[in-house]
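> Sequence plus predicted model, see below.
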Amino acid sequence: MKITSLETEPTDSDPTFFRDRRMFVAGTGLFALSMLAGCGTMPAGSGAGASNSAAGTLAGIRSTENLSRLVPDSQLERAALQQAGYMASAKRMTHTTGWGKDFASRVNGNHIEGAAAENIAQGRMDIRRLFEMWMNSPPHRRNILDARFTRFGLAYVSDAKNPDWRYWALVLGK
């Protein structure tokens, strides 16, 4: 990098010093806040975008029952990613990981209207194995084959110490 000019440091006697300094402090503060706000939205090792990878698998499962395809939905995927992140933070698989972190709160907080359901899982598995497991569990199978659902969101968050261990969440909705 070539320096083409040098400027002197402003002093207290310079009238623009305080205005420029206030702008710098305010800008730095806003930047720091925006970085902190982002900390809770996208956990490290997350599988945002897993919905698109699962669309074909879900279509195949539902077609055997003459049901329509489920469409990947970013709103439902956001709720699924929240749940996967909560489970990864708690290091346990559960639908409720703390106050205000239950399925109803996620549905309301993400403005999901109408019927909705959630399947969760944990372990070392790919999408094929994940859906195989859910289809062999009557309550999870019932959710996936529910004719009311037209949209879905799938996400996972990997364990911080063991990236092969994933916390999965599937949110289905109308």
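Sure thing, it's come through. Numbering: from 1, shown residues only.

> Next up, the contacts around residue 74.
Applying C-beta atoms under 8 Å, 6 or more residues apart in numbering, we find residue 74 in contact with residue 153. No exception for glycine: its C-beta is placed from N, CA and C like everyone else's.

> May I have the predicted confidence score for it?
Per-residue pLDDT puts residue 74 at 93.

> And it, how far from residue 94?
Shown here: residue 74 relative to residue 94, a distance of 25 Å by C-beta to C-beta, to the nearest Å.

> what do you get for residue 75?
On the measure of C-beta to C-beta, residue 75 and residue 94 end up 23 Å apart.

> Next: residue 171.
Using C-beta to C-beta, we find residue 171 at a distance of 15 Å from residue 94.

> again, but for residue 82
Computed as C-beta to C-beta, the residue 82 to residue 94 distance reads 14 Å.

> So between the two, which is more surrounded?
Per other C-beta atoms under 10 Å, whichever of residue 82 and residue 94 has more neighbours is residue 82, with 24 against 14.

> What strand or helix carries that one?
Residue 82 is part of helix 74-90 when elements are defined by DSSP states H and E.

> can you pull out the strands in the protein?
With DSSP state E as the criterion, the chain has strands at 71-72, 116-123, 151-158, 166-173.

> Dump these to JSON lines, plus mean neighbour count.
Listed next are the strands of the chain as JSON lines, based on neighbours: other C-beta atoms under 10 Å:
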{"stretch": "strand 71-72", "mean neighbour count": "16"}
{"stretch": "strand 116-123", "mean neighbour count": "20"}
{"stretch": "strand 151-158", "mean neighbour count": "26"}
{"stretch": "strand 166-173", "mean neighbour count": "27"}
